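>>> pasting the sequence and the predicted model now:
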Amino acid sequence: MLDVIGHYNYWIAIALMMVGLNMIISRPNLVKKLVGLNIFQTAVFLLYITMGKVAGGTAPIVKAGLAIYSNPLPSVLILTAIVVTVATTAVGLALIVRIKDAYGSIEEDELMDRAKDETPS
Amino acid sequence: MIAANLPALQIVVPLISAPLCALIPNGRVAWLVTTAIAWLTLIMAVALLSQVSAGIPVSYEMGGWAAPWGIEYHIDRLSALMLVLVAGIGAVVTPALYSGIAREVAADRQPLFFTAFLLALTGFLGIVITGDAFNLYVFLEISSLASYTLVAMGSDRRALKAAFQYLILGTIGATFILIGIGLLYMLTGTLNMADLADRLPELSRLRPVRAAFAFIVIGAGIKLALFPLHIWLPNAYTYAPSVVAAFLAATATKVGVYVLARFVFTVFGAEFAFDVMPLGEILRPLALISIIAGSLVAIFQSNLKRMLAYSSVAQIGYMALGLSFASVNGLVAALVHLFNHAAMKGALFLVLACVVHRMGTVDLASIRGLGRRMPLTMGAFVAGGMSLVGVPLTVGFISKWYLILAALEQGGWLVVATVVVGSLLALVYVLRVVEAAYFLDPADGAPQVDEAPLVMLLPTLTLAAACIYFGIHTSVTVDVARIAALNLLGGFR
């Protein structure tokens, strides 16, 4: 039992991951799908950040009285991953804007209806 | 000086050129710059291949930081072969790009199209050159984001929906790989692939290693469009501009196969993947289903781009099948087919680009009678199509030969039967096109068309000739693939 509670940070990351994936699958609105994707990716950021944290550790700066340091590398990696996520979201939103222009809707079921008029291919 | 820094230049040159292209106001100038850069990239890739051909891998420390702390570019034979393949396809396809997108991309967007193209090229090259797991993820996302943009450039509005679907699934795949890399870092404290490979064997009984393996295999599975993770591929290839489909079909999924092979064989090791984890038992049925289902669906398509897209799903099945054997012949089959399929699918999609350029559409009706009007283009289709089927003296025969050899070694009669049935199904869908092009009269009111312009015809014929050349001079590809396979397996079995 203690094992489960002691790893609560991982449980939160996993719960967020599932929330995000569920949103991507279940929501017909494209913007909500993209938000779900963001939550999913943020959960992975959390997974990285939490593994670098050492209880009682500080930033890795050499200073008298500081002996325990947290690992800064996962945070640095996630800084890169955040940039990637921002870019993905930007491309995704740009696509949604153009889908709205082309179809007049961003609801998946309505897009399906409108696709019926198009020539099959 | 230049020779020593080639690994860095291989990535930096196309990466820097991409934003420069965005600044050029004229699409034609941007295209000329892109063509020059793509050929320069190919020259560098060939130079790198010759550097490693002695058998000693090239290792390059980015920014002078020694591995495993810094980012290492590690080029062994497999990476060098992949570099030449990706850069070669890029270089051959670029001359066709300008005419190929003239009908589909508005003039003011053309420089941006070339920017996205160069970024995609950079990403693919980066994935195969890097020896650092996290760096691989970053390059994967660079190439993916650029690919989504390229797909969305298609003139049909359904291209936007296809690109969005590709973005969602591609991002989930890349994030799965990121989770896997994170779990590996948590256990080993390193991101360098060679260092990971040293440290993982003693940890192989731990559950997070197995979870990491599962995440990375599924993530790579989405990227390489392995059945049942392939649903993004048919729409993306159908609605993307045809030249983009030619480039992506020949590079994106191939790089996905490379990512899978690199993680499975180099990082985790074949013993862990196939003895501790049941990768072979999972990969093989999926590969067999892809071969049959992909070919069957392809037969019933009237849009030829969609037909080739489903055929790609089937052909990826052959590569996954080769990997699943974890034997030398199996890996040779997978790697040779990876190379060969890039040539044939590149040629076939370029043929469709030529047809779109002249006719505006690519369904079975519009291709009727084209055998007489566009003889060279349709000749290239026959060469590529025969390779898909696996007729002797074409490249497809070589890959299937090694695949069947590998299957017989392990007594897999069902596998042999599937490969043969898959080839017969391929014959059916190729023959439908050949029949329409050569034996049917043009539809009433079809426009009178000539041969495609030379800039599009030359790349098409080059790739079609490669399908024949490498089918006759088989030792070129098979020898490199065999050495790469032996390196990957490292004495396993």
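Yep, it's here.
>>> only C-alpha atoms from now on, for both contacts and neighbour counts.
OK.
>>> so which residue is dead centre in chain A?
residue A:41 (2.0 Å; CA atoms, centre = their mean).
>>> can you count the residues close to residue A:60?
Neighbour count of residue A:60, defined by other CA atoms under 10 Å in any protein chain shown: 13.
>>> check the secondary structure at it for me.
coil (DSSP: H, G, I helix; E, B strand; the rest coil).
>>> the strands in chain A, which residues?
Counting by DSSP state E, chain A has no strands to list.
>>> for the residue of the stretch 201-350 of chain B found nearest chain A, which non-adjacent residue is closest in space?
At 5.4 Å from chain A, residue B:303 is the closest residue in the stretch 201-350 of chain B, using CA to the nearest CA. Residue nearest to residue B:303 in three dimensions, not counting chain neighbours: residue B:363, with 4.4 Å by CA to CA, 6 or more residues apart in numbering or on different chains.
>>> what separates the longest helix anywhere in chain A from the chain centre, distance-wise?
Assignment by DSSP state H gives helix A:73-103 as the longest helix of chain A. Offset of helix A:73-103 from its chain centre (CA atoms, centre = their mean, to the nearest Å): 10 Å.
>>> and it, what other elements does it pack with?
Judged by 3 or more CA pairs under 8 Å, 6 or more residues apart in numbering or on different chains; DSSP states H and E, the packing partners of helix A:73-103 are helix A:30-52, helix B:133-152, helix B:158-188.
>>> now for those, which one comes closest to residue B:9?
helix B:133-152 (15.2 Å; CA to CA).
>>> where in chain B is pLDDT low?
B:1, B:444-446, B:491-493 (pLDDT under 70).
>>> surely the residue nearest to residue B:303 touches residue B:300?
No - contact criterion CA atoms under 8 Å: residue B:363 and residue B:300 do not qualify, at 11.9 Å.
>>> ok, the two, which is more surrounded?
residue B:363 (20 against 11).
>>> now for the more buried one: which residues touch it?
Listed by CA atoms under 8 Å, 6 or more residues apart in numbering or on different chains, the contact partners of residue B:363 are B:302, B:303, B:304.
>>> flag every residue of chain A that's near chain B.
For chain A, the residues in contact with chain B (CA under 8 Å from any CA of the partner chain) are A:34, A:37, A:41, A:44, A:47-48, A:51, A:77, A:80-81, A:84, A:87-88, A:91-92, A:95-96, A:98-99, A:102, A:121.
>>> let's see 7 Å
A:41, A:44, A:48, A:51, A:84, A:88, A:92, A:95, A:99, A:102, A:121 (CA under 7 Å from any CA of the partner chain).
>>> filter those to the buried ones?
Listed as buried from the residues of chain A next to chain B are A:41, A:44, A:48, A:51, A:84, A:88, A:92, A:95, A:99; burial here means 16 or more other CA atoms under 10 Å in any protein chain shown.
>>> circling back to that earlier point, pull the most distant pair out of the residues of chain A next to chain B.
Taking CA to CA as the measure, the residues of chain A next to chain B have their most distant pair in A:51 and A:121, spaced 48.4 Å apart.
>>> flag every residue of the stretch 251-400 of chain B that's near chain A.
Counting by CA under 7 Å from any CA, the stretch 251-400 of chain B sits next to chain A at B:302, B:303.
>>> can we see that at 10 Å?
Residues of the stretch 251-400 of chain B lying near chain A by CA under 10 Å from any CA of the partner chain: B:301, B:302, B:303, B:304, B:305, B:306, B:307, B:362, B:363.
>>> dump those residues to TSV, plus distance to residue B:63 and secondary structure.
Shown next, in TSV, are those (distance: CA to CA, whole Å; DSSP: H, G, I helix; E, B strand; the rest coil):
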residue	distance to residue B:63	secondary structure
B:301	51	coil
B:302	52	coil
B:303	49	strand
B:304	47	helix
B:305	44	helix
B:306	45	helix
B:307	46	helix
B:362	49	coil
B:363	51	strand
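>>> ranking these by neighbours, who comes first?
Neighbour max across those (other CA under 10 Å) = residue B:305, 29 neighbours.
>>> OK, contacts around the closest residue to it other than its chain neighbours?
Computed as CA to CA, 6+ apart, the closest residue to residue B:305 that is not its neighbour in sequence is residue B:238, at 5.1 Å. Contact analysis of residue B:238 by CA atoms under 10 Å, 6 or more residues apart in numbering or on different chains lists A:121, B:151, B:154, B:156, B:158-159, B:162, B:245, B:303-310.
>>> using PDB, write out the CA atom coordinates for the strand or helix carrying residue B:324.
Per DSSP states H and E: residue B:324 is located in helix B:304-325. Extracted in PDB, the C-alpha atoms of helix B:304-325 (Å, rounded to 0.1, in the frame of the first residue of the first chain):
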ATOM      1  CA  LEU B 304      -4.500   5.100 -57.900                       C
ATOM      2  CA  LYS B 305      -2.800   7.100 -55.200                       C
ATOM      3  CA  ARG B 306      -5.000   5.400 -52.600                       C
ATOM      4  CA  MET B 307      -4.200   2.000 -54.300                       C
ATOM      5  CA  LEU B 308      -0.500   2.700 -53.900                       C
ATOM      6  CA  ALA B 309      -1.000   3.800 -50.300                       C
ATOM      7  CA  TYR B 310      -2.600   0.500 -49.300                       C
ATOM      8  CA  SER B 311       0.100  -1.300 -51.300                       C
ATOM      9  CA  SER B 312       2.600   0.600 -49.000                       C
ATOM     10  CA  VAL B 313       0.900  -0.900 -46.000                       C
ATOM     11  CA  ALA B 314       1.400  -4.300 -47.500                       C
ATOM     12  CA  GLN B 315       5.000  -3.700 -48.400                       C
ATOM     13  CA  ILE B 316       5.800  -2.400 -44.900                       C
ATOM     14  CA  GLY B 317       4.400  -5.800 -43.800                       C
ATOM     15  CA  TYR B 318       7.200  -7.400 -45.700                       C
ATOM     16  CA  MET B 319       9.800  -5.300 -43.900                       C
ATOM     17  CA  ALA B 320       8.300  -6.000 -40.500                       C
ATOM     18  CA  LEU B 321       8.200  -9.700 -41.400                       C
ATOM     19  CA  GLY B 322      11.900  -9.600 -42.200                       C
ATOM     20  CA  LEU B 323      12.600  -8.000 -38.800                       C
ATOM     21  CA  SER B 324      10.500 -10.500 -36.900                       C
ATOM     22  CA  PHE B 325      12.700 -13.500 -37.900                       C
END
